[in-house]
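# Return a 3D structure for these sequence lines:
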Amino acid sequence: MGDNFLHYFQNLSFIEIIDILLVVLLVVQLYRALRGSIAFNIFIGGLAIYILWVIVNRLKMPLMSEILDRMVSIGLIGLIVVFQPEIRKFLITLGRRSPLGKNGFISRLFQSNSLNKYIVEEDVIEEISHALKYLQDKKMGAILAIARSEKFEFDTNTGKVINGVVSAKLLESIFEKSSPLHDGAVLIDKDILIAAGVVLPISDSTELPSGTGLRHRSAVGATEHSDVLVVILSEETGRISIAFDGKLKMNLPMEEIKKEMYKAMIA
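Model (predicted):
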């Protein structure tokens, strides 16, 4: 049996080797994208059924093959429905990182207003930083979702549409404790504050610390559904955290926060 196994791999063509490597790469990327979420268990269960289906077909077991054939054909559609948020996140990331994507080097090469873009977004980062410092001193909380690539995919009907230029004063007034919008998030795309008081989706990731609050979980949830960087200012501790790509970094200094905003808005 061992000799047959080695003989199989010795006779592989170059295209077949590439095919195997691509499948392994796809499985690894799916594992990384789903790790720590409830969907991960579904992924492992589906993978186990698929492996069993391959084994049963190789062993020529007609009854089991018929049952698993039905399960695999129906299950594929079910998996697309179950993994819809993860598939959307994967496609957004792929579009952002590819050369032809919005932030790819080919697109950026033909941007005629690149210098103006950098100046505007540097000003926005400074305005946000000033607002965070003010809110920190006043012991007030805040949550800001900043676009990293495409437009937001959140329902702004949960908040109030603003469509105003980002400024420290505007942010400070939104997160004042007397403001009816202070409990929700603000959505920022380039230099425009799109909406305020928006409810973000809550993450069910098991990788987050057990004591993670609702505000921080919603920040992570936002990054799982859309390509955004979320900045969170804790009202209780005055500490600033960031969420991106389904991960959470807590208690960061202002300089680190500014670096991450530069990466999201300019890089």
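
# Tell me how many other residues surround the spatially closest residue to residue 136 that is not a sequence neighbour.
What sits nearest to residue 136 in space, not counting adjacent residues and going by Cβ to Cβ, 6 or more residues apart in numbering, is residue 238, at 5.1 Å. (Glycine included, C-beta is placed from N, CA and C.) Neighbourhood size, residue 238 [other Cβ atoms under 10 Å]: 15.

# ditto for residue 244
With other Cβ under 10 Å as criterion, residue 244 counts 21.

# my guess is the residue nearest to residue 136 is in a helix, correct?
No - according to DSSP: H, G, I helix; E, B strand; the rest coil, residue 238 belongs to no helix; its state is coil.

# And the strands in the stretch 101-250 of the chain?
Under the criterion DSSP state E, counting those that start in this stretch, strands of the stretch 101-250 of the chain are mapped to 142-147, 160-165, 185-189, 192-198, 228-233, 240-244, 247-249.

# Out of the ones you listed, which is closest to residue 49?
strand 247-249 (29.8 Å; Cβ to Cβ).

# who touches the closest one?
By Cβ atoms under 8 Å, 6 or more residues apart in numbering, the residues outside strand 247-249 that reach it are 208, 212, 216, 219-220, 223, 241-243.

# Sort out which one of the residues you listed lies nearest residue 173 for me.
residue 219 (21.4 Å).

# what sits against that closest one?
Residues near residue 219 by Cβ under 8 Å, 6+ apart: 143, 145, 185, 200, 230, 232, 241, 243, 248.

# which residues of this structure score low on pLDDT?
Low-confidence segments of the chain (pLDDT under 70): 1-11, 32-40, 75-76, 79-80, 82-120, 149-155, 266-267.

# Now with 80, please.
1-14, 16, 26-47, 50, 69-121, 149-157, 210-211, 265-267 (pLDDT under 80).
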